[in-house]
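A.B. asks: Could you work out the structure for the sequence below:
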Amino acid sequence: MDRNESAPGIVIKSERWKERDRMATVLSPVWGLRRIRVYGAQKSRKAIKAPLYTEAVFHVYENRERGLTSLVDLDLISIHEAALDGLGPSFTAAMMSEVALAGHGADGPAMFQLFTSCLDALEDHRWRRVAIQFVIRALDSAGVGTDYENCPVCSRPYPDDMVLGFNSQVSSPCCWDCDSFQGTLILPPSARRYIHDSLHCGLEQALAFQVSLLMEQRLLRYSLRLWSAVQQVTLNSADLLLSLEDD
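C.D. replies: Residues are numbered from 1 along each chain as shown. Here you go, the predicted structure:
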């Protein structure tokens, strides 16, 4: 049976579909990831538009016989203009979309909340800090096996001055003795404290932590490499983010 549905969501991918339409991939706390065809969006000025990073309540029609969901209407919440204001925010938002898409809609409510909160944060905070917080919180939500206090392999408490490595068997940061990456993915003590403290407070408080530009750059590089090591997927936007000068 065909049916009409409504749910909040945000467009995290938009692509041309045939001559007149667009296909929007929507991240929703209700649906997870859902592909929605937006008829006429490519050509018609009168058609409903759902550009990238549009957050709204989406009203859709599901044609089960054709296996197609189409957009009927939407109640706009935000267009998240800050996500497209400059290369840093744009590449950060693109990276966030890659991470969400790679998760295939798993843990939809948590990812939706994190995604929209980080897009909002781009209006008032440095994009590197937002990118770092998004990645480490996405990994934590996905259950990366560490509390940044004890080694997940041997259960050894970390001394304050210990540099962490990475263990591929448990896909997690670990103590130096359990490192299986031959010291190629290391986390210094100060950076470990930053991540630990970030995950024990709210997003806004973590974004307000005072760190130097050099530390931001190092944390961003580490968090992106950590995500790739855990998920065994390379983020296309990672090199773009890391190549940017401070803005």
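A.B. asks: ok, so what distance separates the closest residue to Leu203 other than its chain neighbours from Ile136?
C.D. replies: Counting by Cβ to Cβ, 6 or more residues apart in numbering, the nearest residue to Leu203 once its immediate chain neighbours are dropped is Ser117, at 5.6 Å. For the C-beta atoms, the positions are set from N, CA and C on the backbone; glycine is no exception. Using Cβ to Cβ, to the nearest Å, we find Ser117 at a distance of 14 Å from Ile136.
A.B. asks: circling back to that earlier point, the host helix or strand of the residue nearest to Leu203: which residues count as buried?
C.D. replies: Of the helices and strands defined by DSSP states H and E, Ser117 is found in helix 108-121. Neighbour-count burial for helix 108-121 flags 108, 111-112, 114-121 (criterion: 16 or more other Cβ atoms under 10 Å).
A.B. asks: and what of stretch 202-222?
C.D. replies: Neighbour-count burial for stretch 202-222, counted by 16+ other Cβ under 10 Å, picks out 203, 206-207, 211, 215-220, 222.
A.B. asks: Adjacent strands (with direction) for the helix or strand hosting Asn4?
C.D. replies: Element membership for Asn4, per DSSP H and E: strand 3-17. In the sheet, strand 3-17 lines up against strand 21-28 (antiparallel), strand 55-63 (antiparallel) (DSSP bridges).
A.B. asks: what sits against Leu240?
C.D. replies: With Cβ atoms under 8 Å, 6 or more residues apart in numbering as the criterion, the residues that contact Leu240 are 87, 91, 94.
A.B. asks: and what of Ala102?
C.D. replies: Taking Cβ under 8 Å, 6+ apart as the test, what Ala102 contacts is 231, 233.
A.B. asks: do the one 4 residues further on as well
C.D. replies: If you count contacts by Cβ under 8 Å, 6+ apart, Ala106 has them with 32, 142.
A.B. asks: And the pLDDT at it?
C.D. replies: At Ala106 the predicted local confidence, pLDDT, stands at 76.
A.B. asks: Against Leu52, how distant is it?
C.D. replies: For Ala106, the distance to Leu52 equals 22 Å [Cβ to Cβ].
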